[in-house]
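In: Sequence and predicted structure below; questions after.
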Amino acid sequence: MKKDIMTFESMLERVDEITRALEDPSTTIDEGLKLFEEGVRLSAQCKAKLDEVSGKITELKGELDNLQKSEFKADKNK
């Protein structure tokens, strides 16, 4: 799987795998550093995705509020 097209869920799964590997005493320092770097990168991508989704939800809630206000005004004018 190409890392640049990973889903949010697959990124979280990979972060979990990395965490387990970092907790494993048999992981070498060099492997640990590479895993840690990957984990930091994936965590940043997850945060960016959450921020994107949060912004979209806020936008959609605003649209819904506007629709409800228009419907309320239309109902008042009947």
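Out: Sure, I can see it.

In: which residues of the protein score low on pLDDT?
Out: 1-4, 72-78 (pLDDT under 70).

In: how does it look with 50?
Out: For the chain, the stretches with pLDDT under 50 are 1, 3.

In: Can you report how many residues neighbour Leu33?
Out: For Leu33, the count of nearby residues is 12 (other CB atoms under 10 Å). Where C-beta positions appear, they are placed from N, C-alpha and C, glycine not excepted.

In: Quick check: which element contains it?
Out: Element membership for Leu33, per DSSP states H and E: helix 29-76.

In: just how off-centre is that helix within its chain?
Out: Centroid displacement of helix 29-76 relative to its chain, using CA atoms, centre = their mean, to the nearest Å, is 7 Å.

In: which other helices and strands contact it?
Out: In terms of contacts (3 or more CB pairs under 8 Å, 6 or more residues apart in numbering; DSSP states H and E), helix 29-76 is packed against helix 8-23.

In: and the helix it packs on with helix 29-76, angle?
Out: Between helix 8-23 and helix 29-76, the angle comes out at 150 degrees (axes from the mean of the first three to the mean of the last three CA atoms, to 10 degrees).

In: In helix 8-23, which residues are buried?
Out: Neighbour-count burial for helix 8-23 flags Met11, Arg14, Val15, Ile18, Ala21 (criterion: 16 or more other CB atoms under 10 Å).

In: now the residues you listed as JSON lines including distance to Asp65?
Out: Output for the buried residues of helix 8-23, formatted as JSON lines (distance: CB to CB, whole Å):
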{"residue": "Met11", "distance to Asp65": "32"}
{"residue": "Arg14", "distance to Asp65": "37"}
{"residue": "Val15", "distance to Asp65": "35"}
{"residue": "Ile18", "distance to Asp65": "40"}
{"residue": "Ala21", "distance to Asp65": "46"}
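
In: Give me the neighbour count for Asp24.
Out: Considering only other CB under 10 Å, Asp24 is surrounded by 11 other residues.

In: quick one, phi/psi of it?
Out: Backbone dihedrals for Asp24, given as degrees, to the nearest 10, come out at phi -80, psi 120.
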